[in-house]
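> give the three-dimensional model of this entry:
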Amino acid sequence: MTHTGHTRFVTEYEAHLFGEGRWLRMWEKLGARPQVFDDVAGYTFVVWAPNALGVSVVGDWNDWDGRAHLLSSLGASGLWELFVPGVRAGTAYK
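Below is the predicted model of the structure:
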């Protein structure tokens with residue numbers, strides 16, 4: 001499942017504040033969060049992995065294939081994010 005027209009969940013400003021240690025509401029976006037983009041329901045995954053060369057999310061929906069859903073780096077903040085359409089509450093992932 002690929003979502004086209006992805007809108008960033010974490011704004012550039014929030015990523016900037018995170019990098020400075022001043023994003024006081026980061027708990028609202030880190031982790032797995034239900035989200036709707038362009039009338040498509042799914043989950044947004046946001047993690048902090050500052051030294052990672054790549055990050056992926058695996059789960060029941062992609063047969064635990066680490067190549068299927070790669071998160072996008074948000075630059076120097078060390079944050080990575082991805083919206084996966086169709087993921088539902090209670091779905092196993094890691």
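
> which residues are contacting the least confident helix or strand in the chain by mean pLDDT?
Least confident helix or strand, the chain: helix 12-20 with a mean of 89, by mean pLDDT, DSSP states H and E. For helix 12-20, contacts defined as Cβ atoms under 8 Å, 6 or more residues apart in numbering pick out 10, 23, 24, 26, 29, 48, 74, 75, 76, 77, 78, 79. C-beta coordinates here come from the backbone N, C-alpha and C atoms, glycine included.

> how about stretch 76-85?
Applying Cβ under 8 Å, 6+ apart, the contact partners of stretch 76-85 are 1, 3, 6-10, 15-16, 18-19, 35, 37, 40-52, 55, 57, 61, 69-74.

> same question for stretch 31-49.
3, 5-7, 9-10, 18, 29-30, 55, 57, 71, 77-87, 89, 91, 93.

> buried sites along it?
Applying a neighbour-count criterion of 16 or more other Cβ atoms under 10 Å, one finds 32, 35, 37, 42, 43, 44, 45, 46, 47 buried in stretch 31-49.

> for it, what is the average pLDDT?
For stretch 31-49, the mean pLDDT works out to 94.

> alpha carbons only: can I get that stretch in PDB?
The C-alpha coordinates for stretch 31-49 follow below in PDB (Å, rounded to 0.1, in the frame of the first residue of the first chain):
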ATOM      1  CA  GLY A  31       5.000   6.500  18.100                       C
ATOM      2  CA  ALA A  32       2.100   5.100  16.200                       C
ATOM      3  CA  ARG A  33      -0.900   7.500  15.800                       C
ATOM      4  CA  PRO A  34      -4.200   7.000  14.000                       C
ATOM      5  CA  GLN A  35      -4.500   9.500  11.200                       C
ATOM      6  CA  VAL A  36      -6.500  10.400   8.100                       C
ATOM      7  CA  PHE A  37      -4.800  12.000   5.100                       C
ATOM      8  CA  ASP A  38      -6.900  12.900   2.000                       C
ATOM      9  CA  ASP A  39      -9.900  10.800   3.400                       C
ATOM     10  CA  VAL A  40      -7.600   7.700   3.800                       C
ATOM     11  CA  ALA A  41      -7.500   6.200   7.300                       C
ATOM     12  CA  GLY A  42      -4.300   4.600   8.600                       C
ATOM     13  CA  TYR A  43      -1.500   5.200  11.100                       C
ATOM     14  CA  THR A  44       1.400   7.500  11.100                       C
ATOM     15  CA  PHE A  45       4.600   6.200  12.600                       C
ATOM     16  CA  VAL A  46       7.200   8.700  14.000                       C
ATOM     17  CA  VAL A  47      10.400   7.600  15.800                       C
ATOM     18  CA  TRP A  48      13.600   9.300  16.900                       C
ATOM     19  CA  ALA A  49      16.600   7.400  15.500                       C
END
